[in-house]
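# Need coordinates for the following:
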Amino acid sequence: MMISRERIAEIDVYHIAGRIDSTTSPDLDEALLAATATTAPRIVVELAGAEYISSAGLRALVSAAKSARRQGGDVRIAQPSERVSEVLKLAGLESIFALHPDVASAVASFAVGAA
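Numbering: from 1, shown residues only. The predicted structure follows:
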């Protein structure tokens, strides 16, 4: 799994590529939880390059969302690959995360306060 980070309009955008499984999810968990340590963290996780996500990867995303929301922020999902999108739907996580077709719309959703 590869993780890269960029800042767009004071929003942390994480680009994830490869397999998110029990072996790699601790790295994702660590990166996202570090981002939630600020006040009102705004985080976008872009998953276009994610080939696979296991329950461990889902836990990392949910944990980051809970932590961000406790701080007055949020986590949005951008451009999930078809396979990852299917897993998010099957796990019922569409009700927890705002899913966006691309990074630009996910970033813009913070500006207007929409989900």
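
# mind checking the longest strand of the protein?
Using DSSP state E to assign secondary structure, the strand with the most residues in the chain is strand 42-53.

# and that strand, average pLDDT?
Regarding strand 42-53, the rounded mean pLDDT is 97.

# Just the CA atoms of the helix or strand just after it, as CSV, please.
Note on strand 42-53: by DSSP states H and E, the next helix or strand toward the C-terminus is helix 55-70. Once side chains and other backbone atoms are set aside, the C-alpha atoms of helix 55-70 remain, and they are given as CSV (Å, rounded to 0.1, in the frame of the first residue of the first chain):
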residue,chain,number,x,y,z
SER,A,55,-12.3,-5.2,7.6
ALA,A,56,-9.0,-3.9,9.2
GLY,A,57,-8.9,-1.1,6.6
LEU,A,58,-12.5,-0.3,7.3
ARG,A,59,-11.8,-0.1,11.0
ALA,A,60,-9.0,2.4,10.3
LEU,A,61,-11.4,4.6,8.3
VAL,A,62,-14.1,4.4,11.0
SER,A,63,-11.6,5.1,13.8
ALA,A,64,-10.3,8.2,12.0
ALA,A,65,-13.9,9.4,11.4
LYS,A,66,-14.8,9.0,15.0
SER,A,67,-11.6,10.8,16.2
ALA,A,68,-12.1,13.6,13.7
ARG,A,69,-15.7,14.1,14.7
ARG,A,70,-14.8,14.3,18.4
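
# Quickly note the distance from the nearest residue to residue 47 once chain neighbours are set aside to residue 63.
Sequence neighbours aside, residue 80 is the residue nearest to residue 47 in space, at 4.3 Å (criterion: Cβ to Cβ, 6 or more residues apart in numbering). Every C-beta, even on glycine, is put in place using the N, C-alpha and C of the backbone. Residue 80 sits 18 Å away from residue 63 when distances are taken as Cβ to Cβ, to the nearest Å.

# No more questions from me, cheers.
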